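> Turn this into a model:
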Amino acid sequence: MAIALHDIAKMLDHSTLQPFLTEEDIRKGCDIALQYDTATVCARPGDMSIVVKALAGSDVKPCTVIGFPHGAHHTSVKVYEAERALDDGCQELDMVLNIGKMISGDTAYVQDEIAQLAQAAHARKALLKVILETCYLSDEQKKIACELSEKAGADFVKTSTGYGSKGATVADVALMRAAVSDQVRVKASGGIRTLDMVLACRKAGASRCGVSATAKIMEEAKARLEQGTLTEEPAAPVENPTGGSY
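Next up is the predicted model:
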């Protein structure tokens, strides 16, 4: 089945999260997102004022990360970080759950923390995505983390920060899609650098993909459109990333 360029673009959260990026790099990232009309620009919390200004008047939304990348901040710090980002105009929050608490089985802590962030986001009409960092969790832990996220009111569950030992896999996307109801969406992130990987994640159930290779992916899509070969099916088998990073 054919797919439109716009549908692909609106799957993409253009990521500008690397620690070495300058203010000029962030502005260039916003320009790329605006050029292709992506879903969001996902930038570091301290960059929100730049991103919000750059995206003003467009339908590309400002997004940031909370408790990134390790998830081990005190809950009160995560809540403050979220509220400050919302004050700056952020409309989507990607929080890292407390990975150590999840692995140790402290599900009450994990659910309560997500619920506090969901409440803060929803009070300001923002969305909350919960990053599981799947590379460190067993399949059963991934499933439980998804269930806890839904119970706590999250809008999305997300595979990875991009800074763990491995990024998104198609199998993890499918597992996460099966673990939540239709009320919760799935975001794949980490190591997604090709159109075929985006399409494979979409087929497995992802509604969003976090990428920094936005221009490359969209130019691949444009080339296939011109050739009459742009469909929802990947053109070739995808290889899961061996490492993280965006």
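> So for stretch 143-159, mean pLDDT?
Stretch 143-159 carries an average pLDDT of 98.
> now the helices for this structure?
5-9, 23-36, 48-55, 75-87, 99-104, 107-123, 139-152, 170-179, 195-204, 214-227 (DSSP state H).
> Compare those helices and give me the one nearest residue 236.
helix 195-204 (5.7 Å; C-beta to C-beta). C-betas here are computed from N, CA, C, even on glycine.
> so residue 150 touches residue 182, yeah?
No. Residue 150 is beyond contact range of residue 182, at 10.6 Å (criterion: C-beta atoms under 8 Å).
> okay, those two: which has more neighbours?
Neighbours were counted for residue 150 and for residue 182 using other C-beta atoms under 10 Å; residue 150 has more, 19 against 6.
> gap between that one and residue 176?
11 Å (C-beta to C-beta, to the nearest Å).
> so what sits against both of the two?
residue 157 (C-beta atoms under 8 Å, 6 or more residues apart in numbering).
> Residue 190 against residue 168, yeah?
Yes. If you go by C-beta under 8 Å, residue 190 and residue 168 touch, sitting 4.9 Å apart.
> OK, contacts around the closest residue to residue 236 other than its chain neighbours?
Spatial nearest neighbour of residue 236, excluding adjacent residues (C-beta to C-beta, 6 or more residues apart in numbering): residue 196 at 5.7 Å. Neighbour list for residue 196: 234, 235, 236, 238 [criterion: C-beta under 8 Å, 6+ apart].
> Looking at those residues, spot the one nearest residue 94.
The closest of the contacts of residue 196, once distances to residue 94 are taken by C-beta to C-beta, is residue 238, at 22.9 Å.
> How many residues are close by the closest one?
Neighbour tally, residue 238, other C-beta under 10 Å: 19.
> Please name the residues that touch it.
170, 194, 196, 197, 200.
> ok, the last one to residue 225 distance?
Shown here: residue 200 relative to residue 225, a distance of 18 Å by C-beta to C-beta.
> Which of the two has more residues huddled nearby?
Using other C-beta under 10 Å as the criterion, residue 200 and residue 225 rank with residue 200 on top: 24 against 15.
> pretty sure the more buried one is touching residue 171, no?
No. Using C-beta under 8 Å, residue 200 is not in contact with residue 171; the gap is 10.5 Å.
> Generate JSON lines for the contacts of residue 196, with distance to residue 24 as supplementary columns.
Listed next are these as JSON lines, based on distance: C-beta to C-beta, whole Å:
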{"residue": "234", "distance to residue 24": "35"}
{"residue": "235", "distance to residue 24": "35"}
{"residue": "236", "distance to residue 24": "36"}
{"residue": "238", "distance to residue 24": "33"}
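> Closest to residue 73 out of those residues?
Looking across these and measuring by C-beta to C-beta, the closest to residue 73 is residue 238, at 33.4 Å.
> what's the closest non-adjacent residue to residue 172?
Residue nearest to residue 172 in three dimensions, not counting chain neighbours: residue 134, with 4.7 Å by C-beta to C-beta, 6+ apart.
> So the one you found sits against residue 159, correct?
Yes. Between residue 134 and residue 159 a contact is recorded at 4.9 Å, counting by C-beta under 8 Å.
> residues shared between the contacts of those two?
Common neighbours of residue 134 and residue 159 (C-beta under 8 Å, 6+ apart) are 168, 169, 172, 176.
> where are the low-confidence patches of the chain?
240-246 (pLDDT under 70).
> number of nearby residues for the closest residue to residue 185 other than its chain neighbours?
Once flanking residues are discounted, residue 185 sits nearest to residue 207: 4.2 Å by C-beta to C-beta, 6+ apart. Other residues near residue 207 number 16, with proximity taken as other C-beta under 10 Å.
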